[in-house]
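# Predicted model and sequence follow; I will ask about them next.
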Amino acid sequence: MCFNNLKGLRLRRVIFVLQGCLFFNKAFRISLQRDKRPSLRREVFCLASKILPFAGGIHPPHSKHSTEDKKVEICKVPDIVKIPLKQHVGAPCVPLVKPGDKVKWGQKIGQPQGYISAAVHSSVSGTVQSIEEAEQPDGSRVETVVIQNDGKDTPDHSIRPGTLESLNAEELRNIVMEAGIVGMGGAAFPTHVKLSPPPERKIDTVILNGSESEPFLTSDDRLMLEHPEDILYGCKVIMKILGVSRAFIAIEDIMPEAIRILSAKAEGEKGIQVVRLGTKYPQGAEKQLIYAITGRQVPSGGLPMDVGTVVQNVGTAAAISRAVRTGEPLTQRIVTVSGGAVREPKNLLVRIGTSFRDVIDCCGGWKEKPVKILSGGPMMGVAQHTLDVPVTKGTSGIVLFTEKEAAMPEVSNCIRCGRCASVCPIRLMPLLISANSLKGNYEEAEKLHALDCIECGSCSFICPAARPLLQSIQVAKKEILAGRKKRDASVSNDLSEGRTDRNKSNRT
C-alpha cells in the first residue's frame with residue numbers, strides 16, 4: 001500500500017513538471033509571436049492559473065443551484081427607503097438635504113467628507129421624512145436619510161450621458177467619484193481611490209473579479225450572463241483612467257456559460273482577456289487573484305498597486321459603465337436571495353435603501369421560519385437580528401438558513417491538527433492568533449500578523465473542533481487597531497504638550 005502511494009505521488013510530480021514545461025514552452029512561443037496569437041495567450045494564462053494556484057483555500061459546497069439559472073428580476077420599489085450616509089470604507093457623508101425637502105432620483109443627498117469616502121444619492125424621487133441614526137447590516141449605527149417615495153422616479157438634472165471617446169482620464173475618474181461607486185463585491189471601498197494611484201506606483205494590469213467563490217451567491221454570475229457589454233465597457237473605462245493596455249476578466253470554471261459569453265464578446269477587444277480559473281475559495285480575494293493570474297505576490301501589509309495591479313469587481317465595472325454612458329449614479333444593485341428557508345430564491349435588482357424585509361417579501365417570504373439570516377454569504381456574511389436594515393451598496397446577497405442549515409457543531413478543544421494553517425491563503429497560523437486573542441494577548445497576536453488576515457473563514461470551516469477561529473481573530477484585529485489609534489493619539493498629545501512647553505519657555 002505504501003509503495004502504491006509512493007508511486008502515485010511520484011506520478012503526480014511528473015505530471016506537474018510536464019505541465020510546467022508545457023506552460024513555459026507556450027510562454028516562449030508567445031514572446032516570439034506576441035501580437036499574432038491572442039487565443040494562445042489566453043490558453044497560456046488559463047494554464048498558468050492551474051499550475052500556479054494560490055496557497056491554501058477550501059472547497060465548500062457551492063449551493064448555487066437555487067438561483068444560478070434564474071434571470072434578474074426587478075424588485076418592487078418600496079414606499080419608504082432608508083439610505084445610510086455611510087455605505088463604504090472611510091468617512092461618512094454629511095447630509096445635503098433636510099426633512100421636508102423634495103428630492104429626485106439620482107440626486108446627491110450625501111456629500112463625502114475626506115478623500116476616502118463616497119457620495120450617496122437618492123434611489124427614488126419623493127420627500128425627505130427624517131434624518132435619523134439607524135442600524136446597518138454590518139451592525140453599526142449611522143445617519144440615515146428616510147425618504148417617502150412618490151412613485152414617479154423623476155430624474156435629477158445632473159444625470160447626463162457621456163461617451164468614453166469624448167472624455168479624458170481625469171473627467172472619467174471624476175464621473176466615477178461623483179457617481180458614488182464603491183467595490184460591489186462586498187468590501188465597498190471607494191472606487192475613485194483605487195483609480196488614483198500615486199505617481200510612483202506604475203500600474204500595468206487590471207483584473208476584473210468575476211470568480212464569485214462565496215457559496216449561495218450568483219449576482220455576479222447573472223450580471224456576466226445578462227450584461228456582458230456593461231462589464232467590457234466598464235473595463236475599458238478603467239483601462240483608460242489608469243493608462244494601461246492589459247486587462248483580465250477572471251471567472252471560475254464552474255461558470256462555463258459566463259466564460260463562453262464574455263470570451264466571445266471580448267474577442268475583438270484589444271488587451272482584454274477572459275481567464276478561466278480553477279474553482280477554489282477564496283478565489284475572489286485580491287491577493288489570491290493577483291497571484292493566480294500574474295504570479296505576483298502582494299507583500300504583507302501591501303496593496304495590489306504595490307505590484308502594479310488594480311482589481312475591481314465585475315459589478316463595479318458595470319456600475320462605472322452606467323455612470324459614463326447614462327450618467328446614472330449608484331442607486332441600485334443585484335442581490336441574490338437564497339437559502340433553504342426562502343420560499344422562492346431569486347436574483348433581484350434592488351434599490352439602495354430597500355429593507356431586507358421588503359426584499360424577502362418580493363421572494364414570497366419564507367416557507368419556514370429562518371433560524372439565521374445573513375447579509376452576504378455563509379463564509380463572510382454578517383448575521384442579522386432584524387429585517388429592518390436597508391440594502392446598501394455592498395449588499396451582494398441575503399441568505400436565509402433553516403434550523404438544519406444553521407446547526408453548529410459543539411466546540412471542543414484544539415487537537416493541534418494544523419488544518420487551519422494548511423488552508424489559510426495568507427499562510428498565517430490561525431490557531432495561535434486565536435489562542436492569543438482569547439487570552440487577551442493582542443500584542444502577541446499582532447506579532448503573528450493578525451492584521452494580514454483577510455477574514456475569509458477558511459480556518460473556521462475546516463476546523464474539526466469547531467473552534468471560533470475567525471471570530472476571535474476579528475476581535476484581535478479590532479483590538480490591535482484600537483490600540484494603535486490610542487498610541488498615536490498619545491504620541492500626538494505628548495508632542496503637542498512638548499510644543500506648548502517650549503513656547504512657554506521661549507516667552508519667559
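Happy to help now that I have it.

# Look up phi and psi at the closest residue to residue 345 other than its chain neighbours.
Once flanking residues are discounted, residue 345 sits nearest to residue 66: 4.0 Å by Cβ to Cβ, 6 or more residues apart in numbering. No exception for glycine: its C-beta is placed from N, CA and C like everyone else's. Main-chain torsions, residue 66, degrees, to the nearest 10: phi -70, psi -30.

# what pLDDT does residue 66 get?
pLDDT, residue 66: 95.

# Check the one 5 residues further on too.
Model confidence at residue 71, expressed as pLDDT, equals 97.

# now do residue 54
pLDDT at residue 54 comes out at 81.

# what does residue 507 give?
Looking at residue 507, the pLDDT reads 51.

# Can you name the element that comes right after the least confident helix or strand in the chain by mean pLDDT?
The helix or strand of the chain with the lowest confidence, counting by mean pLDDT, DSSP states H and E, is helix 38-51 at a mean of 43. Per DSSP states H and E, the first helix or strand lying C-terminal to helix 38-51 is strand 72-74.

# Only the buried residues of that next one, if you could.
Buried residues in strand 72-74, counted by 16 or more other Cβ atoms under 10 Å: residue 72.

# Kindly report the same for stretch 167-174.
Applying 16+ other Cβ under 10 Å to stretch 167-174 flags 167, 172-173 as buried.

# Which of the residues you listed fall within strands?
Applying DSSP state E to the buried residues of stretch 167-174, no entry is found in strands.

# Tell me the one of those nearest residue 275?
Distance to residue 275 across the buried residues of stretch 167-174 (Cβ to Cβ) is lowest for residue 172, with 24.8 Å.

# And for the residue nearest the centre of the chain, nearest residue in space, chain neighbours not counted?
Centroid-nearest residue in the chain, with Cα atoms, centre = their mean: residue 185, separated by 2.8 Å. Distances taken as Cβ to Cβ, 6+ apart place residue 313 nearest to residue 185, at 3.8 Å, with adjacent residues excluded.

# repeat for residue 392
Closest to residue 392 by Cβ to Cβ, 6+ apart is residue 87, at 4.2 Å.

# So the one you found sits against residue 389, correct?
No. In this structure residue 87 lies outside contact range of residue 389 using Cβ atoms under 8 Å: 11.8 Å.

# hang on, the earlier thing: let me see the contact set for the residue nearest to residue 345.
216, 338, 345 (Cβ atoms under 8 Å, 6 or more residues apart in numbering).

# any idea how far it is from residue 311?
28 Å (Cβ to Cβ, to the nearest Å).

# got it, and residue 273?
15 Å.

# Give me the more crowded residue out of those two.
Remark: of residue 273 and residue 311, residue 311 carries more neighbours, 26 against 19, as counted by other Cβ atoms under 10 Å.

# correct me, but residue 454 touches residue 285?
Yes. In terms of Cβ under 8 Å, residue 454 counts as a neighbour of residue 285; the distance is 5.2 Å.

# between those two, what contacts are shared?
residue 425.

# With residue 177 as the reference, measure out to the nearest residue to residue 195 once chain neighbours are set aside.
Computed as Cβ to Cβ, 6+ apart, the closest residue to residue 195 that is not its neighbour in sequence is residue 241, at 5.0 Å. Taking Cβ to Cβ as the measure, residue 241 falls 11 Å from residue 177.

# the helices in the stretch 351-500 of the chain, which residues?
Counting by DSSP state H, counting those that start in this stretch, one finds helices in the stretch 351-500 of the chain at the ranges 356-361, 403-406, 419-423, 430-438, 442-447, 458-462, 469-507.

# ok so, going back, make CSV from the buried residues of stretch 167-174 and add distance to residue 111 and pLDDT to it.
Shown next, in CSV, are those (distance: Cβ to Cβ, whole Å; pLDDT from 0 to 100):
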residue, distance to residue 111, pLDDT
167, 23, 94
172, 21, 97
173, 18, 96
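
# In helices, which of the residues you listed appear?
Among the buried residues of stretch 167-174, the members found in helices (DSSP state H) are 172-173.

# With distance to residue 357 as added columns, please give the buried residues of stretch 167-174 in TSV.
As requested, the buried residues of stretch 167-174 are arranged in TSV below (distance: Cβ to Cβ, whole Å):
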residue	distance to residue 357
167	40
172	38
173	37
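
# I'd like to know which of the buried residues of stretch 167-174 is nearest to residue 253.
Closest to residue 253, out of all of the buried residues of stretch 167-174 and judged by Cβ to Cβ, is residue 172, at 32.6 Å.

# shouldn't that closest one be in contact with residue 237?
Yes. If you go by Cβ under 8 Å, residue 172 and residue 237 touch, sitting 5.7 Å apart.

# Common neighbours of those two, please.
Taking Cβ under 8 Å, 6+ apart as the contact rule, residue 172 and residue 237 both touch 164, 324.

# which residue ranges form the helices in the stretch 51-200 of the chain?
Using DSSP H, counting those that start in this stretch, the helices of the stretch 51-200 of the chain run over 169-178, 191-194.

# Grab the nearest non-local neighbour of residue 432.
According to Cβ to Cβ, 6+ apart, the nearest residue to residue 432 is residue 448 (5.6 Å).

# Give the burial count for that neighbour, as a bare number.
Neighbour tally, residue 448, other Cβ under 10 Å: 21.

# was I right about it contacting residue 427?
No. The criterion here is Cβ under 8 Å, and residue 448 misses it with residue 427 at 11.5 Å.

# residues touching the spatially closest residue to residue 106 that is not a sequence neighbour, list them.
Closest residue to residue 106 apart from its sequence neighbours, by Cβ to Cβ, 6+ apart: residue 156 at 4.2 Å. For residue 156, the contact set (Cβ under 8 Å, 6+ apart) comprises 104-108, 121-122.

# Next one: residue 156 from residue 110, what distance?
Noted for residue 156: a distance of 14 Å to residue 110, by Cβ to Cβ.

# Touching both of these two, which residues are there?
residue 121.

# For stretch 303-322, measure first residue to last.
Start to finish, the residues bounding stretch 303-322 are 27 Å apart (Cα to Cα, to the nearest Å).
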